[in-house]
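Asker: Sequence and computational prediction follow.
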Amino acid sequence: MDYTEAQSSSESMTATALIPIDGTDIYYTKEQASNFDEVFGTNTNYTIDPEECMADNFADAMQYGMDGKNGQGYPNPEIIRGVLDIVSK
């Protein structure tokens, strides 16, 4: 989808999109990215900004540890394990 198409859709104003760094005006929706969940993980629904996504994972790791909220773990425990490994050094 290009910028002109995006302007005509109010949904695109709140959708998460990946923007190539090559300066084009084309962006890709989360559904168009074949490895979006692999890169961001699915521990949080906050995927608007990579730093905020990581902040959510960090906060969960600090508050709940590997057990996760309600003791049910995480869809991507490797992210939480990485956070805990780094802060324990």
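Answerer: It's in.

Asker: which residues touch A15?
Answerer: Shown in contact with A15 (C-beta atoms under 8 Å, 6 or more residues apart in numbering): 29-30. Heads up, the C-betas are built off the backbone N, CA and C, glycines and all.

Asker: Please repeat the previous calculation with a cut-off of 7 Å.
Answerer: Residues in contact with A15 (C-beta atoms under 7 Å, 6 or more residues apart in numbering) are T29.

Asker: what's the pLDDT at D37?
Answerer: pLDDT for D37: 88.

Asker: That one falls within a strand, correct?
Answerer: No: counting by DSSP: H, G, I helix; E, B strand; the rest coil, D37 is not found in a strand; it is helix.

Asker: Find the helix or strand that R81 is a member of.
Answerer: If you go by DSSP states H and E, R81 is part of helix 77-87.

Asker: Any chance you could give me that helix in PDB, C-alpha atoms only?
Answerer: What follows is helix 77-87 as a C-alpha-only set of coordinates in PDB (Å, rounded to 0.1, in the frame of the first residue of the first chain):
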ATOM      1  CA  PRO A  77       9.400 -17.300  26.700                       C
ATOM      2  CA  GLU A  78      12.700 -16.900  25.000                       C
ATOM      3  CA  ILE A  79      12.300 -13.200  25.000                       C
ATOM      4  CA  ILE A  80      11.600 -13.100  28.700                       C
ATOM      5  CA  ARG A  81      14.500 -15.500  29.400                       C
ATOM      6  CA  GLY A  82      16.800 -13.100  27.400                       C
ATOM      7  CA  VAL A  83      15.700 -10.200  29.400                       C
ATOM      8  CA  LEU A  84      16.300 -12.000  32.700                       C
ATOM      9  CA  ASP A  85      19.700 -13.300  31.600                       C
ATOM     10  CA  ILE A  86      20.800  -9.800  30.700                       C
ATOM     11  CA  VAL A  87      19.700  -8.200  33.900                       C
END
